[in-house]
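Participant: sequence and predicted structure are below.
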Amino acid sequence: MQTLTPHVYWAQRHGEIYLRVEISDAQVRKTCQGHGAKGENEYEFNLEFLKTVKPEVKHKSTQRQVNITVKKQEHVWWDRLTKQEKKPLFLAPDFDRWLDESDAEMELREKEEKINKVSIESRVRKDPFLGLKKGFLFMYNLVQFLGYSWIFVNMTVRLFILGQDSFYDTFHTIADVMYFCQMLAIMEVINPAVGLVKTGVTPAFIQVMGRNFILFVIFGTLEDMQNKPVVFFVFYLWSMIEIFRYPFYMLACIDTEWKLLTWLRYTIWIPLYPLGVLAEAVAVIQSIPIFNETKLLSIPLPKAIGMSISFSYILQLYLVIMFLGLFINFRHLFKQRSRRFRTKKRKAN
Ligand SMILES: CCCCCCCCCCCCC/C=C/C(=O)SCCNC(=O)CCNC(=O)[C@H](O)C(C)(C)COP(=O)(O)OP(=O)(O)OC[C@H]1O[C@@H](n2cnc3c(N)ncnc32)[C@H](O)[C@@H]1OP(=O)(O)O
């Protein structure tokens with residue numbers, strides 16, 4: 001029986017060479033014996049590859065052909081299959097699997113993205129309580145959004161109707177809802193602490209405790225503070241960010257994002273935060289003479305010394321802490337903003 005050369009079809013990817021030898025009912029040894037273009041014969045072919053390949057060769061015989069896969073030593077694209085520039089007569093492109101370099105790169109990227117997606121999904125699948133957590137967070141954010149929307153709309157309508165007169169009874173109109181929202185906001189210190197949200201506890205602690213100190217101590221304990229215009233500015237500045245921040249979180253809970261809302265959430269804090277802390281500092285300064293006069297919250301000293309330390313000293317220290325807190329959270333939010341917009345830019349490219 002004479003040894004013939006079969007038709008060999010080839011294609012490549014960055015890491016593999018695919019060969020398809022058209023022989024039916026083939027038994028593959030060093031050579032193939034089977035039914036080829038010239039009937040039942042011994043078929044053999046030799047190829048000297050352009051670059052080095054790995055020694056292991058995978059082959060699979062089917063009724064009609066033998067499929068051979070060879071792994072490249074280096075994950076690179078080859079200009080041609082063989083070392084010799086002239087293509088052997090028995091060799092032809094396998095158009096069933098032929099890709100040019102860019103299509104092969106795209107196929108590779110799609111495979112990698114699919115692998116990443118599967119690994120993220122398998123990680124996500126590991127958390128059986130994920131739905132419950134997202135449901136809780138969604139409801140929390142919805143309640144806060146409704147509360148702060150009520151505050152913002154109420155204050156805006158009263159400002160348009162009453163003008164500056166609305167400054168003087170803001171506290172009495174808004175305080176109950178603000179108390180509710182700010183008490184509930186303590187959850188924002190617990191959420192990161194128990195791993196419900198991926199953020200630091202410190203920024204949330206500074207944020208929530210800073211606001212609650214102003215609300216419950218400066219405004220809540222001093223009636224003389226409650227009809228000052230500064231209450232209007234503090235409450236309005238607080239609500240302006242929350243009517244964007246909480247809907248942003250709600251959408252995050254359902255894996256949704258509105259670009260404008262994300263931009264607003266991560267941009268309007270830039271003017272609002274310094275303005276808000278400035279308004280709070282004005283409130284603290286305005287409260288100092290009242291604490292001195294009323295001796296409220298003074299810290300009693302032992303009888304032997306007799307006097308008490310006025311709470312106003314604590315407030316003077318607090319003014320320094322406020323600006324330190326502002327610096328820490330400003331830097332944190334700036335990092336969050338850069339991370340968020342850097343990630344989006346990378347996705348867009
Ligand atoms: C007596 C005690 C005193 C203590 C000391 C006090 C010092 C006080 C100093 C300063 C006082 C400040 C007082 C406040 C003033 C004002 O508010 S002025 C008005 C303007 N204010 C703002 O703009 C601040 C708004 N607040 C915030 O942005 C936050 O509270 C924050 C903690 C400052 C930052 O939020 P953070 O969560 O850390 O960053 P994000 O990027 O928003 O979120 C990170 C990831 O976590 C997810 N996430 C967070 N919360 C939720 C949630 N509720 N639900 C769902 N998901 C949430 C979020 O989606 C992010 O996820 P990824 O995108 O996947 O990262």
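Facilitator: In hand now; what should we look at?
Participant: low-confidence ranges, the chain, go.
Facilitator: The model of the chain has pLDDT under 70 over residues 1, 24-40, 123-125, 343-349.
Participant: look up how far residue 255 lies from residue 246.
Facilitator: Residue 246 is 17 Å from residue 255, where distance means Cβ to Cβ, to the nearest Å. Placement of C-beta: from N, CA and C, glycine included.
Participant: out of those two, which sits in the more crowded spot?
Facilitator: Set side by side, residue 246 and residue 255 show more neighbours around residue 246, with 22 against 7, by other Cβ atoms under 10 Å.
Participant: quick one: secondary structure of residue 20?
Facilitator: What DSSP: H, G, I helix; E, B strand; the rest coil gives for residue 20 is strand.
Participant: quick one, what contacts it?
Facilitator: By Cβ atoms under 8 Å, 6 or more residues apart in numbering, the residues touching residue 20 are 8, 9, 10, 65, 66, 67, 68, 94, 96, 97.
Participant: can you tell me the helix or strand for the residue lying closest to it once chain neighbours are set aside?
Facilitator: Computed as Cβ to Cβ, 6 or more residues apart in numbering, the closest residue to residue 20 that is not its neighbour in sequence is residue 9, at 4.4 Å. For residue 9, the element it lies in under DSSP states H and E is strand 8-12.
Participant: parallel or antiparallel, list what pairs with that strand.
Facilitator: Strands adjacent to strand 8-12 in the sheet, as given by DSSP bridges, are strand 16-21 (antiparallel), strand 91-93 (parallel).
Participant: distance to residue 60 for those strands - can I get that in JSON lines?
Facilitator: JSON lines is the format used below for the strands paired with strand 8-12 (distance: least, Cβ to Cβ, whole Å):
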{"stretch": "strand 16-21", "distance to residue 60": "10"}
{"stretch": "strand 91-93", "distance to residue 60": "20"}
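Participant: my read: residue 80 touches residue 86, true?
Facilitator: No - distance between residue 80 and residue 86: 9.7 Å, which falls outside the contact criterion (Cβ atoms under 8 Å).
Participant: neighbour count winner among the two?
Facilitator: residue 80 (14 against 7).
Participant: part of a helix, is that one?
Facilitator: No - Residue 80 is assigned coil when assessed by three-state DSSP, not a helix.
Participant: so it versus residue 279, what's the distance?
Facilitator: To residue 279, residue 80 is 72 Å away according to Cβ to Cβ.
Participant: go on, residue 18?
Facilitator: Residue 18 is 69 Å from residue 279, where distance means Cβ to Cβ.
Participant: of these two, who's got more company?
Facilitator: Each of residue 18 and residue 279 has its neighbours counted (other Cβ under 10 Å); residue 279 has more, 21 against 17.
Participant: can you tell me the element the more buried one falls in?
Facilitator: helix 269-294.
Participant: now residue 132
Facilitator: For residue 132, the host element (DSSP H and E) is helix 130-162.
Participant: and whichever helix or strand comes after that helix with helix 130-162, angle?
Facilitator: Note on helix 130-162: by DSSP H and E, the next helix or strand toward the C-terminus is helix 170-184. Computed by axes from the mean of the first three to the mean of the last three Cα atoms, to 10 degrees, the angle separating helix 170-184 from helix 130-162 equals 170 degrees.
Participant: how far away from the center of its chain is helix 170-184?
Facilitator: Relative to the centre of its chain, helix 170-184 is centred 31 Å away, using Cα atoms, centre = their mean, to the nearest Å.
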